[in-house]
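A.B. asks: turn this into a model:
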Amino acid sequence: MTKEEGVTVTSADVDGFTLAELQFPPGYVQDAFEPDSAYLALVLDGAMEKSFRSRTMFFRHGTALTMPAGTRHSARFGSRGARIVIVKPRHSSRPAGPSLEALLELRGSGFTWLAWRLAAELRAADEGAPLAAEGLALELLAATTRETSGLRQAGRPPAWLRSAEELLRAHIGDYVGLGEVASAIGVHPAHLARVFRAHYGVSVGEYGRRLRLAWAATEIARGNTPLAAVAAEAGFADQSHFTRLFRRHVGITPARYRAEAQRDKLGAFQTP
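C.D. replies: Now for the predicted structure:
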């Protein structure tokens, strides 16, 4: 673990990857630069704004972006700073290399829990940490491939579709039905259902459920709120139902997820 100009960096090399967790202080400004190789960045907490030659993009916790090599940009971080995980393949033959060739914002909710677990492995000191980190990096790149492939096949999403997704995010703890979303954005429910699945790969209801699980994963990882309270705030009927769904999607129980995410041993298993 190192600290440079207020930015805390925990990094490691595993087979074929450079992995890092970066913690930026509130209001931090990053001068324009051009990355020498492509990477995947995942926002664990906080928010950041990246400015490119022709546009500015805003990213908050639960979102990710693919950054092609040589893409000149600057960055500004929010009032709470930001915690970012970076997955950088060290050569183009690595799986998902082509998926990092375009600048894209990704919102697949499965990124959140994988990224928090990867951050935990970067802080672990046991012998299994490098293998676990490599496996999680591969899972993240596989998710990236699916997301970018879906975007290429479905084309550019209409503006109203982003409004639908934002509505689901704004009502994490509430049940919002297909008809209610369709009415709010002014499209027919059947059209919404068809276009939403084409772009996001799942139904509106399933996407909302994954958003709630992703929100819960973030809350579990960064705090000590009782699991029952997190489940209730995320809109689940009870803790047992929440635990079953969490384990089905994430692969481990909420309690174990919190233990892994909050491991904070000195140093990473290998720091270049």
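
A.B. asks: from here on, contacts and neighbour counts on C-alpha atoms
C.D. replies: Noted.

A.B. asks: give me the mean pLDDT for the helix ranked longest in the chain.
C.D. replies: Using DSSP state H, we find that the single longest helix of the chain is helix 129-154. Looking at helix 129-154 alone, the average pLDDT works out to 80.

A.B. asks: same deal with stretch 101-120?
C.D. replies: pLDDT averaged over stretch 101-120 gives 82.

A.B. asks: ok, back up a step: buried sites along the next helix-or-strand element following the longest helix of the chain?
C.D. replies: Downstream of helix 129-154, the next assigned helix or strand under DSSP states H and E is helix 159-170. Across helix 159-170, burial judged by 16 or more other Cα atoms under 10 Å covers 161, 164, 165, 167, 168, 169.

A.B. asks: equivalent analysis for stretch 123-136, please.
C.D. replies: Counting neighbours by 16+ other Cα under 10 Å, one finds that the buried residues in stretch 123-136 are 123, 124, 125, 129, 130, 132, 133, 134, 136.

A.B. asks: make CSV out of those and add distance to residue 51.
C.D. replies: Formatted as CSV, these follow (distance: Cα to Cα, whole Å):
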residue, distance to residue 51
123, 30
124, 34
125, 36
129, 35
130, 34
132, 34
133, 30
134, 30
136, 29
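
A.B. asks: tell me which two of the residues you listed sit farthest apart.
C.D. replies: For these, the maximum inter-member distance is 16.3 Å, found between 125 and 136 (Cα to Cα).

A.B. asks: give me the contacts around the helix or strand where residue 245 lies.
C.D. replies: Counting by DSSP H and E, the element that carries residue 245 is helix 239-250. Contacts to helix 239-250, defined as Cα atoms under 8 Å, 6 or more residues apart in numbering, come from residues 113, 114, 213, 227, 228, 231, 232, 236, 252, 253, 254.

A.B. asks: likewise for stretch 101-113?
C.D. replies: Against stretch 101-113 from outside (Cα under 8 Å, 6+ apart): 38, 42, 44, 62-69, 140, 143-144, 147-148, 200, 207, 210-211, 214, 217-218, 250.

A.B. asks: that one: which residues count as buried?
C.D. replies: 104, 105, 106, 107, 108, 109, 110, 111, 112, 113.

A.B. asks: strands - which of those residues land there?
C.D. replies: Those of the buried residues of stretch 101-113 mapping onto strands are 104, 105, 106, per DSSP state E.

A.B. asks: what residues are bridge-paired with the second one?
C.D. replies: Same thing as residue 105. Going by DSSP bridges, residue 105 is paired in beta bridges with residue 65.

A.B. asks: returning to what we had before: centre of the chain to the helix holding residue 245, how far?
C.D. replies: How far helix 239-250 lies from its chain's middle: 19 Å, per Cα atoms, centre = their mean, to the nearest Å.

A.B. asks: equivalent analysis for stretch 11-19, please.
C.D. replies: 19 Å.

A.B. asks: for that stretch, buried residues please.
C.D. replies: 11, 12, 13, 14, 17, 18, 19.
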